[in-house]
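*Asks:* Give me the fold of what follows.
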Amino acid sequence: MALPVAFFGVFFAWPVVSIVDRGLRPAGAWDLGRVGATLSRPDILDVLGFTVWQALASTGLTLLVALPGAYVFARFDFPGKSVLRAVVTVPFVLPTVLVGTAFLALVGRNGLTDELWGLRLDTSVWAILLAHVFFNYAVVVRTVGGLWSQLDPRQEEAARVLGASRWTAWRTVTLPALAPAVAAAALMVFLFTFTSFGVVQILGGDAYTTLEAEIYRQTARLLDLQTAAVLTLVQFAAVGAILGVHAWTVRRRETALRLVAPESTARRPRGAGQWALLTGVLVSVALLILLPLGVLVERSFAGPDGYGLRYYRALGSLDEAGTFLVPPLEAIGNSLRYAVAATAIAVVIGGLAAAALTRRRAGRLVRGFDALLMLPLGVSAVTVGFGFLITLDEPPFDLRASWILVPLAQALVGVPFVVRTMLPVLRAVDERLREAAAVLGASPWRAWREVDLPLVRRALLIAAGFAFAVSLGEFGATVFIARPESPTLPVAVARLLGRPGELNYGQAMALSTILMVVCAVSLLLLERLRTDRTSGEF
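*Replies:* All right, here's what the predicted structure looks like:
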């Protein structure tokens, strides 16, 4: 645990605490009265109210749309299932700024709905809610569907034999078993939407602001660190409560059920009802996920003179407005280099943490660290990024001029995915195998290399793939610390969207398409590696 604790202490706790300290102690003395004064402001209350409301609405809408998909992926076997699973996961690893861009191309000014029916949703809250469903669909499908596929269908069949109707059997047998997974998925969706930033920045404009977007405004635009510190504490408390409940639901899911092999529960659809359900899920996936991505690609080729590669060619040159110090195309190489370094860091830190959490002798303090590892997914990335700038500027941690600063921030987001993917697989390794190796004279290192590694190699590759895809799309912290001459893809997209003009918009669509293709290829490779026994939480 030494290295993971040190890593999170230096690169997560220290920057966050420093920002809060600087905001609440502007003159060297604590100004706790600022907390009450800030939280009583009408504009801040409106932000808090909208943040909670849109998170609840997004969570409910996501469950409504995605639960049928979870059932289809769990119980049905049909051609192209693995490819479709990768497709529905692509939005989850895309940067939120790109998700906002995709929906802007679909429902915004001059978007598909505007051109066809004169309908614009970018000025309404519906664009934000639909984008959140698009982003979190895979969370429900993988979390709930992963457990659903391992529930023994004979239990529900036994209830039917005893006279229960199909609805009664599902409500009394399957639903209670699924409840922890549904609760865990709902909590994760609520967490991601509660801390939404990129989607709200692009689609919300000045009309709709979440807590995370307000922290960015107070920090980067108004330089009001006191208000930002208070809002960070509120977000930290909310995220801590959500993760505490999530950890409890995960423990229930792991200990309360007897599971069977997933391959024994999936079968081809039978009857008109099941085929109708499969068709409905495929149509919803096409409209909700494929259509926004397709419009994004179409807009990257559609120029004023027809379709072509104009916007892609423009990425290789500097514009006259000075949006970038280097051609935007260089952002692709920067992102790939940063993501590779961040993946290496995340795999080492997350692998060590997961290994420590699987030991039977792990104490309560170590088990509590499991929940803390998830905090970077919910705590303001804006706060972390700005905290990097004000803390990592003196020896021995003077890193502001170093390229490694960006991969370190990205690795913070990648570590939770490595842990959640590796942990179930490591827990499945029989402790007696390690003990037998030790009895035969193997050192702990050799026992790990020859016992654990062969069993978890595939899960390790999947964890690395997820860490790579998530690092590639990190935006909230990177927007603060990426140097002007070394922008990442999400930062470049945000800069282009922030500038007026048809060429800037087209280049943003082109860069977004490139990023989407890289993420999609990564996930398709992961699906080839994936088996249901090594899927982990994601």
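*Asks:* Wait, Gly506 touches Pro304, no?
*Replies:* No - contact between Gly506 and Pro304 fails when scored by Cβ atoms under 8 Å: they sit 9.1 Å apart. In short, each C-beta sits where N, CA and C put it, glycine included.
*Asks:* Quick one: residues contacting Val133.
*Replies:* Contacts for Val133 (Cβ atoms under 8 Å, 6 or more residues apart in numbering) come out as 58, 61-62, 65-66, 288.
*Asks:* picking up where we left off before, which one of Gly506 and Pro304 has more residues nearby?
*Replies:* In this comparison of Gly506 against Pro304, neighbours counted by other Cβ atoms under 10 Å, the higher total goes to Gly506 at 22 against 8.
*Asks:* Grab the nearest non-local neighbour of the more buried one.
*Replies:* On the basis of Cβ to Cβ, 6 or more residues apart in numbering, the spatially nearest residue to Gly506 that is not a chain neighbour turns out to be Tyr311, at 3.7 Å.
*Asks:* count of neighbours near that neighbour?
*Replies:* Applying other Cβ under 10 Å, I find that Tyr311 has 24 neighbouring residues.
*Asks:* That one and Gln507, how far apart?
*Replies:* With distances defined as Cβ to Cβ, to the nearest Å, the gap from Tyr311 to Gln507 amounts to 5 Å.
*Asks:* re earlier: specify the local secondary structure of the residue nearest to Gly506.
*Replies:* helix (DSSP: H, G, I helix; E, B strand; the rest coil).
*Asks:* circling back to that earlier point, Throw the contacts of Val133 into JSON lines and include distance to Ala437 and secondary structure, thanks.
*Replies:* As requested, the contacts of Val133 are arranged in JSON lines below (distance: Cβ to Cβ, whole Å; DSSP: H, G, I helix; E, B strand; the rest coil):
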{"residue": "Ser58", "distance to Ala437": "48", "secondary structure": "helix"}
{"residue": "Leu61", "distance to Ala437": "50", "secondary structure": "helix"}
{"residue": "Thr62", "distance to Ala437": "45", "secondary structure": "helix"}
{"residue": "Val65", "distance to Ala437": "48", "secondary structure": "helix"}
{"residue": "Ala66", "distance to Ala437": "43", "secondary structure": "helix"}
{"residue": "Leu288", "distance to Ala437": "49", "secondary structure": "helix"}
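*Asks:* As JSON lines, those with distance to Arg267 would be great.
*Replies:* Putting the contacts of Val133 into JSON lines (distance: Cβ to Cβ, whole Å) gives the following:
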{"residue": "Ser58", "distance to Arg267": "33"}
{"residue": "Leu61", "distance to Arg267": "30"}
{"residue": "Thr62", "distance to Arg267": "27"}
{"residue": "Val65", "distance to Arg267": "24"}
{"residue": "Ala66", "distance to Arg267": "21"}
{"residue": "Leu288", "distance to Arg267": "26"}
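*Asks:* Lowest pLDDT pick from those?
*Replies:* Taking the contacts of Val133 together, the minimum pLDDT is found at Leu288 (86).
*Asks:* tell me the contacts of it?
*Replies:* By Cβ under 8 Å, 6+ apart, the contact list for Leu288 reads 65, 130, 133-134, 137.
*Asks:* And it, how close does it get to His132?
*Replies:* 11 Å.
*Asks:* cool, and Phe8?
*Replies:* For Phe8, the distance to His132 equals 28 Å [Cβ to Cβ].
*Asks:* more neighbours, those two?
*Replies:* Neighbours per residue, other Cβ under 10 Å: of Phe8 and His132, the larger number sits with His132, 27 against 20.
*Asks:* so the more buried one is in which element?
*Replies:* Here His132 is covered by helix 125-148, with elements defined by DSSP states H and E.
*Asks:* And Thr59, by the same measure?
*Replies:* Secondary structure assignment for Thr59, by DSSP H and E: helix 42-75.
*Asks:* in that helix, what's buried?
*Replies:* Residues of helix 42-75 classed as buried under the neighbour-count rule (16 or more other Cβ atoms under 10 Å) are 44, 47-48, 50-51, 54-55, 57-59, 61-63, 65-75.
*Asks:* try stretch 175-188
*Replies:* Counting neighbours by 16+ other Cβ under 10 Å, one finds that the buried residues in stretch 175-188 are 177-178, 180-188.
*Asks:* Next: stretch 418-434.
*Replies:* Within stretch 418-434, the residues that count as buried by 16+ other Cβ under 10 Å are 418-426, 434.
*Asks:* and that stretch, how far apart are its ends?
*Replies:* One end of stretch 418-434 to the other measures 22 Å (Cα to Cα, to the nearest Å).
*Asks:* which regions of the stretch 101-250 of the chain lie under the pLDDT threshold?
*Replies:* Counting by pLDDT under 70, the stretch 101-250 of the chain contains low-confidence ranges at 123, 246-247, 249-250.
*Asks:* what about the helices in it?
*Replies:* For the stretch 101-250 of the chain, helices defined by DSSP state H, counting those that start in this stretch occupy the ranges 112-117, 125-148, 153-161, 166-169, 175-194, 198-203, 211-216, 225-255.
*Asks:* Can you work out which other helices and strands pack against the longest one?
*Replies:* Using 3 or more Cβ pairs under 8 Å, 6 or more residues apart in numbering; DSSP states H and E as the contact definition, the elements that helix 225-255 packs against are helix 14-24, helix 33-39, helix 42-75, helix 175-194, helix 211-216, helix 364-372.
*Asks:* how distant is stretch 352-361 from the center of its chain?
*Replies:* The gap between the average C-alpha position of stretch 352-361 and the chain average comes to 24 Å, counting by Cα atoms, centre = their mean, to the nearest Å.
*Asks:* quick one: contacts of that stretch?
*Replies:* Outside stretch 352-361, the residues touching it (Cβ under 8 Å, 6+ apart) are 1, 3-4, 362, 366-367, 369-370, 373, 415, 418-419, 422-423, 426-427, 429, 431, 448, 452.
*Asks:* what comes up buried for that stretch?
*Replies:* Going through stretch 352-361 with 16+ other Cβ under 10 Å, the ones that come out buried are 352-358.
*Asks:* Could you do stretch 82-92 as well?
*Replies:* In terms of neighbour count (16+ other Cβ under 10 Å), stretch 82-92 has its buried residues at 84-92.
*Asks:* For Gly273, state which of the residues you listed is nearest.
*Replies:* Each of those was checked against Gly273 using Cβ to Cβ; the closest is Leu84, at 20.4 Å.
*Asks:* for the residue nearest to that closest one when sequence neighbours are not counted, what are its contacts?
*Replies:* Of all residues beyond its chain neighbours, the one nearest Leu84 is Val285 (7.0 Å), with distances taken as Cβ to Cβ, 6+ apart. The contact partners of Val285, by Cβ under 8 Å, 6+ apart, come to 69, 84, 87-88, 137.
*Asks:* Name the secondary structure element that contains Val285.
*Replies:* helix 271-285.
*Asks:* about what we covered before: okay, the helices of the stretch 101-250 of the chain in TSV with distance to Ala346 next?
*Replies:* Formatted as TSV, these follow (distance: least, Cβ to Cβ, whole Å):
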stretch	distance to Ala346
helix 112-117	37
helix 125-148	19
helix 153-161	37
helix 166-169	43
helix 175-194	18
helix 198-203	21
helix 211-216	22
helix 225-255	19
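*Asks:* right, so those helices: which one is the most enclosed?
*Replies:* Across those, the average number of neighbours (mean count of other Cβ atoms under 10 Å) peaks for helix 198-203, which reaches a mean of 27.
*Asks:* how much space between Ala339 and Pro490?
*Replies:* From Ala339 over to Pro490 the distance is 11 Å, taken as Cβ to Cβ.
*Asks:* next one: Gly163
*Replies:* 56 Å.
*Asks:* Between those two, which has more neighbouring residues?
*Replies:* Comparing Gly163 with Pro490 by neighbour count (other Cβ under 10 Å), the higher total belongs to Pro490, at 28 against 8.
*Asks:* so the more buried one touches Ser471, yeah?
*Replies:* No - counting by Cβ under 8 Å, Pro490 stays clear of Ser471, with 10.7 Å between them.
*Asks:* ok so, going back, distance to Leu408 added to the helices and strands packed on helix 225-255, as a markdown table?
*Replies:* Rendered in a markdown table, the data for the helices and strands packed on helix 225-255 read as follows (distance: least, Cβ to Cβ, whole Å):
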| stretch | distance to Leu408 |
| --- | --- |
| helix 14-24 | 10 |
| helix 33-39 | 30 |
| helix 42-75 | 28 |
| helix 175-194 | 22 |
| helix 211-216 | 20 |
| helix 364-372 | 18 |
